[in-house]
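In: what would the 3D arrangement of this be:
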Amino acid sequence: MTPCINIAKKANITYTIHEYHHDPSAKSYGDEVVEKLGIPASKVFKTLVVKTSNDDLAVAVVPVSTRLNMKLIAKATKSKKACMAEATEVERTTGYILGGVSPLGQKKKLKTIIDISARDYPTIFISAGRRGLEIELTPQDLARLTQGIFAQVS
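Out: Have a look, this model is predicted:
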């Protein structure tokens with residue numbers, strides 16, 4: 001069990017765990033999920049941690065088929081600028097390793113922005129807290145459990 005799964009279980013939400021064999025030589029974690037689980041890339045969401053000009057960290061949850069727009073995430077976090085956070089800071093703050101960062105169950109609760117496109121689907125896939133493990137849940141449950149907001153960020 002990962003902290004992500006424990007939170008979903010404790011909240012008594014409906015979710016499904018999807019496990020696959022992670023290939024350490026995979027160039028893109030998100031593309032690997034799409035390929036191994038046969039899910040449309042627009043339904044698989046990656047968790048990216050950004051550092052804002054306010055020196056805060058925030059989480060952006062965006063489809064693996066898109067790129068995070070730094071101007072839009074800065075606007076959504078009410079800051080002037082944003083950039084990708086350093087890997088060591090991400091791992092230290094979230095408690096997860098890169099490629100397995102989940103928006104749920106992080107060591108430190110960060111402001112979470114979920115790309116508005118998530119609302120186009122009854123369920124989406126996010127990392128369940130380790131490479132090779134995804135959790136499928138509703139976008140609304142993700143927003144409620146992270147206290148996140150929906151905004152256009154990709």
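In: pull the helix or strand with minimum mean pLDDT from this structure.
Out: Lowest by mean pLDDT, DSSP states H and E among the helices and strands of the chain is helix 29-37, with a mean of 92.
In: tell me the buried residues in that one?
Out: Buried residues in helix 29-37, counted by 16 or more other CB atoms under 10 Å: 29-30, 32-34, 36. Where C-beta positions appear, they are placed from N, C-alpha and C, glycine not excepted.
In: what does that helix rub up against?
Out: The contact list for helix 29-37 (CB atoms under 8 Å, 6 or more residues apart in numbering) reads 18, 20-23, 26, 39-41, 44, 46, 64, 98-100, 125, 127, 131, 134.
In: just the buried ones out of those, please.
Out: Applying 16+ other CB under 10 Å to these, the neighbour count classes 22, 39, 44, 46, 64, 99-100, 125, 127, 131, 134 as buried.
In: wait, is Ser65 part of a helix?
Out: No. Assessed with DSSP: H, G, I helix; E, B strand; the rest coil, Ser65 is coil; it does not lie in a helix.
In: which residue is the nearest non-sequential neighbour of it?
Out: Ala41 (3.6 Å; CB to CB, 6 or more residues apart in numbering).
In: contacting residues for the one you found?
Out: Listed by CB under 8 Å, 6+ apart, the contact partners of Ala41 are 30-31, 34, 63-65.
In: closest one to Gln106 out of the residues you listed, please.
Out: Gly30 (18.7 Å; CB to CB).
In: the residue nearest to the spatial centre of the chain: which element?
Out: When CA atoms, centre = their mean is applied to the chain, the residue found nearest the centroid is Thr47 (2.6 Å). Applying DSSP states H and E as the criterion places Thr47 in strand 45-52.
In: start to end distance for stretch 74-82?
Out: Length of stretch 74-82, first residue to last, CA to CA, to the nearest Å: 5 Å.
In: then stretch 38-50?
Out: 29 Å.
In: with secondary structure and pLDDT added, can I get the buried ones among the contacts of helix 29-37 in CSV?
Out: Compiled in CSV, the buried ones among the contacts of helix 29-37 are given as follows (DSSP: H, G, I helix; E, B strand; the rest coil; pLDDT from 0 to 100):
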residue, secondary structure, pLDDT
His22, coil, 90
Ile39, coil, 94
Val44, strand, 97
Lys46, strand, 97
Val64, coil, 95
Gly99, coil, 90
Gly100, coil, 94
Phe125, strand, 98
Ser127, strand, 97
Arg131, coil, 93
Glu134, strand, 97
